[in-house]
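Student: how would this look folded up:
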Amino acid sequence: MAAEPWPEPWPDSPEHAARLDAECDRLIRFATGAKLAGGGFGWLDDVGRPLPDGVVHTWVTARMTHVFALARLRAEARGSAFDAAEADALVAHGIAALTGPLRDHEYGGWHPVVDRTGRPASGDGDTDVDPERPDGKRMYDHAFVVLAAASACAAGHPEAPALLAEALDVVERRFWEEDRGACAESWDRTWTVGEPYRGANSNMHAVEAFLAAADATDEARWRERALRIAERVVHEHARANHWRLIEHFAADWTPRPEYNRERPADPFRPYGATVGHWFEWSRLLITLAEALPRPPGWLRADAVALFDAAVREGWRADGRPGFVYTVDWSGKPLVRTRMHWVAAEAIAAAAALRRASGDADYDDWYRVWWEHADAVFLDREHGGWHHELDADARPSADVWRGKPDAYHAVQATLLPRLRSAPTIAEALRRRAGG
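Tutor: Sure, this is the predicted structure:
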């Protein structure tokens, strides 16, 4: 089915809201295929079937649990065709995996990947798991456990508060580095040996998780910690680097610009600057600015600067429609693969900045990027969104195989109609009158 023009004006008209609702329902329905009989949610292939690799990823299960919690909240607000009871069951399925086989019951925290029997596993070689450290504990996974638990709290799952408290305790004791104002990256399974690396990606998702945790617990310290991370990664380092956000650091937060030069298309730690993260940080900075009682002025200014840099150096950077995956330190395209999550985050950032600034120019970008996503990423034959395209907009699998989860795309259908603060699950809960 060919793409149809999206209704205007952007993004508040009833016609546009109906289109977003329909797309959200379509995405969530596709995501239900990830449910695994043995627990957790599987990594989906191109047609919506779990990969036959026999493993369960914590970050996939946590992100899917978050998505189904949002589905539950939408159903409660009567903004969805998705059944509330079905959503409840899917949230419960995710929580059971996060409190069961994915949790390390011996040493605490969460395994990155387990097999279908609950034993730590190394994945299939196409994922982010380091084969030399298959049983490590990573902040990236723990950030999404926090997010899933916070969203499940908003959705009313009875076991979610205990899960959230446990996850925050692990983050507090094992990952948060008070002297650095940011999070460590990873440990071995026994919490004995830490990785001498610090990553902007895991810390960005810590910001997202901390903001959600603050809404769920009403503890302001999590917003304050989110601000400290943003100040280090964005206001200190990105601002000094022409807004080309540095992703990789040594343990003392010294930049490592040559890190992974031999793996430029790595899905989680690519060499160079990752354009989509500039949009993601831009959106999160606006959320911080709206959530804090006395936000520093640089939050909104930096959000605008990151957005502008991402447009300038990412959009059609090689002369073709779409965003390149990465650029080098002079701003030239490196990996030209188009990622669905970058388009989704660009849409969400444009909407956030439009609401924050009142500048109608962001509406134009919002329209351009939704029409781009509609034309090339939405898979009307098999469902969901293509997670990766080549520079000619053909499905590819150079970085990602299949359609691992629905997190970015679902949020792109919801965030444009919500204020930037509170965070998405709490905003939906309030809309539902909970």
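
Student: correct me, but residue 279 touches residue 306?
Tutor: Yes: taking contacts as C-beta atoms under 8 Å, residue 279 lies within contact range of residue 306: 7.4 Å. (Glycine included, C-beta is placed from N, CA and C.)

Student: report the residue spans of this structure with pLDDT below the cut-off.
Tutor: For the chain, the stretches with pLDDT under 70 are 1-11, 79-81, 123-135, 434.

Student: show me where it has helices.
Tutor: 14-31, 58-76, 84-99, 139-154, 160-170, 200-217, 221-230, 275-291, 298-314, 340-357, 361-376, 407-414, 424-431 (DSSP state H).

Student: what does the third one rub up against?
Tutor: Outside of helix 84-99, the residues that reach it under the criterion C-beta atoms under 8 Å, 6 or more residues apart in numbering are 32, 35, 39-41, 56, 58, 61-62, 64-65, 68-69, 71-72, 75-76, 110, 145, 148-149, 152, 155, 157, 159-160, 163.

Student: the same query, at a cut-off of 6 Å, please.
Tutor: 35, 39-40, 61, 65, 68-69, 71-72, 75, 145, 152, 155, 157, 159, 163 (C-beta atoms under 6 Å, 6 or more residues apart in numbering).

Student: which parts of it are buried?
Tutor: For helix 84-99, the neighbour count (16 or more other C-beta atoms under 10 Å) marks 84, 86-88, 90-99 as buried.

Student: cool, and the fifth one?
Tutor: Applying a neighbour-count criterion of 16+ other C-beta under 10 Å, the buried positions in helix 160-170 are 160, 163-164, 166-168, 170.

Student: correct me if wrong: residue 147 contacts residue 207.
Tutor: No: with contact defined as C-beta atoms under 6 Å, residue 147 does not count as touching residue 207 (10.7 Å).

Student: just want to know which of these two has more residues nearby.
Tutor: residue 147 (31 against 28; other C-beta atoms under 10 Å).

Student: quick one, what contacts the nearest residue to that one once chain neighbours are set aside?
Tutor: Computed as C-beta to C-beta, 6 or more residues apart in numbering, the closest residue to residue 147 that is not its neighbour in sequence is residue 209, at 4.6 Å. By C-beta under 6 Å, 6+ apart, the contact list for residue 209 reads 143, 146-147.

Student: any chance of those in CSV, with distance to residue 331 too?
Tutor: Below are these laid out as CSV (distance: C-beta to C-beta, whole Å):
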residue, distance to residue 331
143, 29
146, 34
147, 32
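
Student: now residue 31: how far from residue 60?
Tutor: Counting by C-beta to C-beta, to the nearest Å, the gap from residue 31 to residue 60 is 11 Å.

Student: go through the helices of the chain and name the closest to residue 334.
Tutor: helix 275-291 (10.0 Å; C-beta to C-beta).

Student: count the residues that sit near the residue lying closest to residue 104 once chain neighbours are set aside.
Tutor: Nearest residue to residue 104, sequence neighbours excluded (C-beta to C-beta, 6+ apart): residue 111, at 5.6 Å. The local packing of residue 111 (other C-beta under 10 Å) involves 25 other residues.

Student: looking at the helices of the chain, which is closest to residue 247?
Tutor: In terms of C-beta to C-beta, the element of these nearest to residue 247 is helix 200-217, at 4.6 Å.

Student: returning to that earlier point: compare neighbour counts for residue 279 and residue 306 and give me the winner.
Tutor: residue 279 (30 against 27).
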